[in-house]
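J.: Got a predicted structure here, sequence first:
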Amino acid sequence: MKVEIELNRDGESNVIEYDYARRAADEKPMILDVLLQAQATDIPDLAFRYGCRARNCGVCTVDVNGRPRLACRARIKEGDRVSPVKTLPPLADLVVRRDGVARQMRGRLTSVAQGNNLNQDAPDDYHALTACVECYACLQNCPMHARNFTDGANPNPSEGYQWGNPFSLLKLQMLRLDPLSSDAGRDQALAHAEDLGLDACRDCKGCKCGVGIDLMGKVVRPLLEAAGE
């Protein structure tokens with residue numbers, strides 16, 4: 001089975017064709033299977049990330065034919081092209097710099113708690129949001145995240161991105177839903193969401209989550225409604 005793998009080195013990209021040797025005639029390999037075999041055989045210096053191999057960590061995310069996929073759980077087909085996630089700066093081959101998103105949230109999750117009763121039940125929507133694996137697939141086609149790169153801007157990930165994305169909104173909405181958050185903490189989380197560019201979501205057709213979280217219904221719309229109030 002032949003697939004294409006994009007290598008990013010020294011600021012230049014080069015696409016090579018790799019012939020995956022199936023281990024069984026009926027095998028349907030995952031993207032990660034192809035990358036591991038390529039590294040073990042023809043491309044020993046191929047750079048990519050993976051961790052849990054069970055869809056729990058999100059670090060193996062790559063683009064397949066221009067769309068983000070979890071390499072450990074997405075099957076690959078003849079002629080597919082694997083490339084680095086295009087919404088984040090490439091470092092080497094399929095490895096991208098992820099820390100700019102996390103750094104963006106520094107100082108934005110410090111709320112005032114209302115007591116320390118850990119037996120309080122969180123609402124179902126809160127638990128639904130804990131399914132996030134930080135794959136950052138939701139950054140694709142996000143108008144808020146795109147603001148970071150408009151007019152030729154080249155933001156420094158070490159300082160965190162100025163404008164947000166569905167992941168950062170999800171974290172702030174979790175804070176608003178947390179039963180231990182005070183009213184002041186919830187107000188602070190909403191203010192942070194607005195500072196990160198929540199207004200860009202008003203005309204957006206919707207976010208796509210790599211693990212199926214309803215980002216529009218459980219994150220974006222509640223925040224927009226609260227901001228409208």
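T.: Noted; the coordinates are in hand.
J.: which element follows the lowest-mean-pLDDT helix or strand in the chain toward the C-terminus?
T.: In the chain, no helix or strand scores lower on mean pLDDT, DSSP states H and E than helix 99-104, which sits at a mean of 90. Per DSSP states H and E, the first helix or strand lying C-terminal to helix 99-104 is helix 124-129.
J.: who's in contact with that next one?
T.: The contact list for helix 124-129 (C-beta atoms under 8 Å, 6 or more residues apart in numbering) reads 170, 173-174, 177-178, 213-214, 218-219, 222. All C-beta atoms are positioned from the backbone trio N, CA, C, and that covers glycine.
J.: Contact partners for the spatially most distant residue from the centre of the chain?
T.: Distance from the centre of the chain peaks at Ala25, with 33.7 Å (C-alpha atoms, centre = their mean). Residues counted as contacts of Ala25 (C-beta under 8 Å, 6+ apart): none.
J.: pLDDT at it, what is it?
T.: We have a pLDDT of 88 for Ala25.
J.: ok, it to Arg75 distance?
T.: 16 Å (C-beta to C-beta, to the nearest Å).
J.: and if you look at Leu129?
T.: Counting by C-beta to C-beta, the gap from Leu129 to Arg75 is 27 Å.
J.: higher neighbour count, the two?
T.: The neighbour comparison of Leu129 against Arg75 (other C-beta atoms under 10 Å) goes to Leu129, with 19 against 14.
J.: okay, now Met30: neighbour count?
T.: So Met30, with other C-beta under 10 Å, has 18 neighbours.
J.: Give me the pLDDT for it.
T.: 97.
J.: got a list of what it touches?
T.: Going by C-beta under 8 Å, 6+ apart, Met30 touches 71-76.
J.: How many neighbouring residues does Thr150 have?
T.: Thr150 has 9 nearby residues by other C-beta under 10 Å.
J.: can you check the one 4 residues further on too?
T.: Applying other C-beta under 10 Å, we find 7 other residues in the vicinity of Asn154.
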